[in-house]
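1. Coordinates for the following, if possible.
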Amino acid sequence: MDVNECIRRQALIEGTRGTWDSHCREIAERIWPAADIFQNHRRTEGEKRTEEMLDSTAALALEKFAAALESLLTPRTQKWHGLKSSNEDLNDAPGVEEWFEQASAVLFSMRNAPRSGFYSQIHEGYKSLGAFGAMCTYIPEPVPGQRVRYHGVHVANVYVAADEAGQIDTVYRKYMMSAKAAAQKWNGKSLPPAVAKALEKGGDPFAPLEFLHCVYPKDDYDPERKDAAGMAYQSYDISIQDKHLIDEGGYHELPYLYSRYTVNANETTGRSPAMMVLPNIKVANEMQKTFLRAGHLVVEPPLLTYDDGVIGYGGNRVDLRSRAINRGGLDAQGRQLIQPMLTGGRLDLTETMIEREREVINEAFLVSLFRVLVDGPTITATEALIRQNEKGLLLAPTVGRQQTEYTDPLVNRDLHVAFRAGWLPPMPEALRESQDDYDIVYDSPASRFAESESVLGIQRTLEMALPLIQMKPEYAELFDVEEIIRRTREGNGAPAAMLHDHEDFQAALAKIQEQQAAQQQMAAMAAMAPAAKDMAAAQQMAGQGQLAN
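-> Have a look, this model is predicted:
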């Protein structure tokens, strides 16, 4: 594919996205003005963009939405996923489980590195998901000797296409970069004339230039090859102004993680909570205008004056300043000739109407789901567990899509980048020979919400069974207490280290049983000692009697 064809295909996708961009711009103007670059990639830095934003409800809800998704899906203080072999029998092989634990630790060290930028970028991504229905992160192949850098990409600059399964496999990214930065990025490559000219004496090396990054799947790649022919994706870096090919390369995995909040069956771009309640956001803004105008009328009402030429005579105006003196404001009988005009407006009704719109907006951004124990601290543990289970059911669609479109590709990309960079420990022989795939095991708060149903079921079963066991104690043997405790720990998200593994527990249990058996034997012997002593004494007396005869 040549340069002109790449630019043409990007333009085709951009041409079909005008309605979506217009929709997103309306949203950005009202809830996230800093992100308003839709249909205008050359916005001036620092310019005011809050003209359409009068009510901050949606903006605050968006921040809470992003913070909640981050804490539920990718909490920065936890290891929110693990790895295991897709072959369950292989997980019991020597060293396999330990290798996956070490590999997971490497992935989290990559993301937690000081310069990785992962968590700062992903927070902005979750805001983009709530506002515009999509988020995008770019994970380039690391430069030798350096760590991975995660780049959050504004969805206004990304144009995508999907495969037959509806999964994003083609990305065209437009972006601005100065000539100075371009020369640093492509040092040693064929720089376009616009960059070379800007770097000349008298030029402007800081002037922004427009570039295009094209990534799409290859039709004829060979996965057995170790060179560029073995890469699944082709890539081009192009200067749009000069239609100049700067660099050509490839990727083993799609380096752009493009996730959507929800997608209609006949659409590729995503839709967001903000899109669902955009009419409510607009109404809340208009109501806020009305509320402000009504408040001004109450605090500073129009004045009614007696039209006799006395008030304001000689060019004097009514002075509303504190302690001001308005001559002629009273008649001869001391009656006021200036009165405020009372319109009868009800500020409380206007505020009530605004609160209704705000409630709808908060519901769309799932704010109510993230409130913990909202009815007060008096609810029982069972009620709290039921609420957690309900929250998990309501969040399941959102969590499931983000795991499919974002965290799954993220882990896959990170794992293969770490493998090619040589950061992973030596792979066990059994795992290398099997060539089996791996599974991602999520251990985030969102995944534990899904487990709350099993914990609730255990609790309800025990509550119903205990009265019956009191009547028939032998039925207690129906329950596997160890399994109940382990399942409850998993569902509640307690650390796995708080429980011994099964083998250690069985060994400790056997030792306790031996000690109990020894104690019982000693107690039995102690109880038998007096009887043995009496029997010995009786036998002695009987022997003495026989000797006497």
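
2. For the spatially closest residue to Phe132 that is not a sequence neighbour, give me its contacts.
-> Take Phe132 and drop its neighbours on the chain: the residue closest to it by Cβ to Cβ, 6 or more residues apart in numbering is Cys24, 4.7 Å away. Using the backbone N, CA and C atoms, a C-beta is placed for each residue, glycine as well. If a contact means Cβ atoms under 8 Å, 6 or more residues apart in numbering, then Cys24 has Phe38, Ala131, Phe132, Val155, Ala156 as its contacts.

3. quick check, nearest of these to Ile281?
-> Among these, Ala131 lies closest to Ile281 (Cβ to Cβ), at 10.7 Å.

4. correct me, but that closest one touches Arg271?
-> No - the criterion here is Cβ atoms under 8 Å, and Ala131 misses it with Arg271 at 11.1 Å.

5. Please say which of those two ends up with more neighbours.
-> Taking other Cβ atoms under 10 Å, Ala131 and Arg271 do not tie; Ala131 has more neighbours (28 against 18).

6. tell me the SS of the more buried one?
-> Three-state call for Ala131 (DSSP: H, G, I helix; E, B strand; the rest coil): helix.

7. contacting residues around it?
-> Ala131 makes contact with Cys24, Ile27, Ala28, Ile31, Trp32, Ala35, Leu62, Ser272, Ala274, according to Cβ under 8 Å, 6+ apart.

8. And for Lys218?
-> The neighbours of Lys218, taking Cβ under 8 Å, 6+ apart as the test, are Met231, Ala232, Tyr233, Gln234, Gly250.

9. any chance you could map the strands in this structure?
-> 81-85, 134-138, 151-153, 158-162, 168-178, 208-217, 233-239, 244-251, 256-260, 303-305, 338-340, 438-442 (DSSP state E).

10. In TSV: those, plus mean pLDDT and mean neighbour count.
-> TSV is the format used below for these (pLDDT from 0 to 100; neighbours: other Cβ atoms under 10 Å):
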stretch	mean pLDDT	mean neighbour count
strand 81-85	91	19
strand 134-138	96	25
strand 151-153	94	18
strand 158-162	94	19
strand 168-178	94	19
strand 208-217	94	19
strand 233-239	94	21
strand 244-251	92	16
strand 256-260	96	25
strand 303-305	67	14
strand 338-340	74	13
strand 438-442	90	15
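
11. who wins for proximity to Asn187 among those?
-> Minimum separation from Asn187 across the strands of the chain (Cβ to Cβ) falls at strand 244-251, 10.9 Å.

12. any residues touching the closest one, and which ones?
-> Outside strand 244-251, the residues touching it (Cβ under 8 Å, 6+ apart) are 3, 141, 182, 186, 189-193, 211, 215, 218, 228, 231-239.

13. 6 Å - rerun?
-> Contact partners of strand 244-251, identified using Cβ atoms under 6 Å, 6 or more residues apart in numbering, comprise Val3, Trp186, Lys189, Pro192, Ala228, Met231, Tyr233, Gln234, Ser235, Tyr236, Asp237, Ile238.

14. wait, the fourth one sits on Ser239?
-> Spelled out, it's Pro192. Yes - with contact defined as Cβ atoms under 6 Å, Pro192 reaches Ser239; the gap is 3.6 Å.

15. related to what we said a few turns ago, what two of the contacts of Lys218 are the furthest from one another?
-> Farthest-apart pair in these is Ala232 and Gln234; separation 8.9 Å (Cβ to Cβ).

16. ok so, going back, model confidence for the residue nearest to Phe132, exactly?
-> Confidence at Cys24, expressed as pLDDT, is 94.

17. Next: Gln546.
-> pLDDT recorded at Gln546 is 59.

18. What of Asn412?
-> Reading off the model, Asn412 has pLDDT 95.

19. For it, grab the count of nearby residues.
-> The local packing of Asn412 (other Cβ under 10 Å) involves 15 other residues.

20. ok, it to Pro340 distance?
-> 69 Å (Cβ to Cβ, to the nearest Å).

21. cool, and Ala103?
-> Look at Ala103 and Pro340: by Cβ to Cβ, they are 74 Å apart.

22. What of Glu97?
-> Between Glu97 and Pro340 the computed distance is 79 Å (Cβ to Cβ).

23. Lys289 too?
-> In this view, Lys289 and Pro340 are 22 Å apart by Cβ to Cβ.

24. Hmm, Thr262 is touching Pro273, no?
-> No - in this structure, Thr262 is not within contact of Pro273 by Cβ under 6 Å, at 8.9 Å.

25. Can you work out which residues contact both of these two?
-> With Cβ under 6 Å, 6+ apart as the test, Thr262 and Pro273 reach no residue in common.
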